[in-house]
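Chemist: need a 3D model of the following:
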Amino acid sequence: MFIATVIASGGLSSALLSDAEDALRDAGIEPMGRSWVERDIACDLLFSASPRAAEAALEPLRAHVDIAVQGEAGRRKRLLVADMDSTVITVECIDELADFAGVRARVAEVTERAMRGEFDFEGALEERVALLKGLPERTLARCYEERVKLTPGAKALAHTMRAHGARCLLVSGGFTYFADRVAQRAGFDRAAANRLEVADGALTGTALPPVLGAQAKKQALIDEAIAMSIDLSETMAVGDGANDIPMIETAGLGVAYHGKAAVNAAAQVRIAHNDLGALLYLQGYARAEWR
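Modeler: Model (predicted):
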């Protein structure tokens, strides 16, 4: 059995659900019923075959709602691996640090192009960090306190999954100063990120090796699954940028969260209208189960 979970950021109307069922029928897929995950917000449409055809048939409705097509069995994942910048938090920390250094426009342009997959991540990180040379170390604390905000739904996502026996890992191409604090604040089990070199109270303009990039994120997912003795089908990965693609493609359920075009193309699920709470709905968690 397969399910298409339809999630609306506002009210989810019966008319829209009927349109979705009609779209499935037009593709030769007979709907087998509805099941509300959360009344008027998230609803499962059940069907028995052709998930790829269902994806294609429902594509036009994605302009209005988020839709996740997956197998009904095993929808609740035992491991979540999440990107941090522009996913679990609302900003790119390196761009915010660059603002304090007076080089935001230069750094933000490289960040945007790197997240679209136009630049090699490791090279882009080296170029951007070099522009932060001389920034006082104390600026990290100011940046965290003034600029870093959790994405709505992030805390509920981590706490709810952990309450039901899952592990939550934050992996970031950003920096440990922020990732460690964000992981604790949002309720993740632990974090992995890059380390900024500091000397004499200021950034040296260097990220200490090894660099945590796209392949390292993927490997973190694999290593955590092995440590937990679980199959990759029991994992979920979420991110927004090109360096998240390998882990998104490797996970049992790969989610693009307000992602760049390349990430959306690689992901099994695209969340474009809702916050991170959508990742609970698509696992079948009603709000009464949220923590």
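
Chemist: after the biggest helix by length in the chain, next one along is what?
Modeler: The single longest helix within the chain, with elements called by DSSP state H, is helix 214-228. Per DSSP states H and E, helix 214-228 leads on to strand 235-239 as the next helix or strand towards the C-terminus.

Chemist: now the element after that following strand, going C-ward?
Modeler: Using DSSP H and E, the helix or strand that directly follows strand 235-239 along the chain is helix 245-250.

Chemist: could you check the angle whichever helix or strand comes after that following helix makes with strand 235-239?
Modeler: Per DSSP H and E, the first helix or strand lying C-terminal to helix 245-250 is strand 253-257. If you take axes from the mean of the first three to the mean of the last three CA atoms, to 10 degrees, strand 253-257 sits at 20 degrees to strand 235-239.

Chemist: list the buried residues for the helix or strand just after strand 253-257?
Modeler: The helix or strand immediately downstream of strand 253-257 is helix 261-266, counting by DSSP H and E. Of all the residues in helix 261-266, those buried under the rule 16 or more other CB atoms under 10 Å are 262-264, 266. C-betas here are computed from N, CA, C, even on glycine.

Chemist: just stretch 139-146 next, same as before
Modeler: Using 16+ other CB under 10 Å as the burial criterion, the residues of stretch 139-146 that qualify are 139-140, 143-144.

Chemist: what's the closest of these to A15?
Modeler: Y144 (45.0 Å; CB to CB).

Chemist: tell me the pLDDT at the closest one?
Modeler: Per-residue confidence (pLDDT) for Y144: 98.

Chemist: tell me the secondary structure at the closest residue to M32 other than its chain neighbours.
Modeler: In this structure, M32 finds its nearest non-sequential neighbour in L46, 4.4 Å apart by CB to CB, 6 or more residues apart in numbering. Secondary structure, DSSP: H, G, I helix; E, B strand; the rest coil: L46 is strand.

Chemist: name the nearest residue to T250, ignoring sequence neighbours.
Modeler: Nearest residue to T250, sequence neighbours excluded (CB to CB, 6+ apart): K218, at 5.2 Å.

Chemist: poorly predicted segments of the stretch 1-150 of the chain, please.
Modeler: Judged by pLDDT under 70, the stretch 1-150 of the chain has no weakly predicted residues.

Chemist: hmm, back to that, so which of the buried residues of stretch 139-146 belong to strands?
Modeler: With strands defined by DSSP state E, no entry of the buried residues of stretch 139-146 lies inside them.

Chemist: and the contacts of stretch 7-22?
Modeler: Under the criterion CB atoms under 8 Å, 6 or more residues apart in numbering, residues 4, 6, 31, 34, 40-43, 45, 58, 61, 64-68, 271, 273-274, 278, 281-282 lie in contact with stretch 7-22.
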